[in-house]
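# need the 3D shape of this:
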Amino acid sequence: MRTLTIRKPGADVRLGVRFFQDDSEYDAFYAPGTGADGRRRVQPIVCALHENGAARVAGLELDDMVLSINGQSGLCNTEVAAMLRELTGDISLVVRKATKTRAGASTSRAAGADAQRSSSGLITPRAVI
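This is a model prediction of the structure:
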């Protein structure tokens, strides 16, 4: 596990991070449960970063799972995204690398050789593009 601090000077500043909408290729590290609508909540796992975004500058990487934000844990992907949009100042994140399930292990999404940079600076796994 790692602790990161993202500096966000204002509400209009974008951090340059996206989260998977489906975490079925990953082991369930924790079970965020189901939402009010009865749908399964998805673990907050990073699927894309902007190369110059504050999230990447702070050390966030592809396949990182956000375990807590400013001490609040048990959040799903949409809750993490909403909090990161709304919060300002120094934002403390605790993250760990998400692990692929055995079935999903053949398509690595790790940063490095399997990652690709678009002309807009977005870093995404090749498998997503």
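# hang on, Leu75 packs against Met65?
No - counting by C-beta atoms under 8 Å, Leu75 sits too far from Met65 to count as a contact (10.6 Å). Yep, even glycine has a C-beta here, placed from its N, CA and C like the rest.
# neighbour count winner among those two?
Met65 (24 against 20; other C-beta atoms under 10 Å).
# that one should be in a helix, yeah?
No - counting by DSSP: H, G, I helix; E, B strand; the rest coil, Met65 is not found in a helix; it is strand.
# run through the bridge partners of it.
Ile45, Arg96 (DSSP bridges).
# quick check: it touching Gln43?
Yes - judged on C-beta under 8 Å, Met65 makes contact with Gln43 at a distance of 5.8 Å.
# any residues in contact with both of these two?
Here Met65 and Gln43 have 26, 29, 98 as joint contacts, going by C-beta atoms under 8 Å, 6 or more residues apart in numbering.
# which of those residues has the largest number of neighbours?
Ala98 (22 neighbours).
# which residues touch that one?
Ala98 makes contact with 23, 26-27, 29, 43, 45, 63-65, according to C-beta under 8 Å, 6+ apart.
# what do you get if the cut-off is 7 Å, keeping everything else the same?
Ala98 sits next to 26, 29, 45, 63, 65 when contact means C-beta atoms under 7 Å, 6 or more residues apart in numbering.
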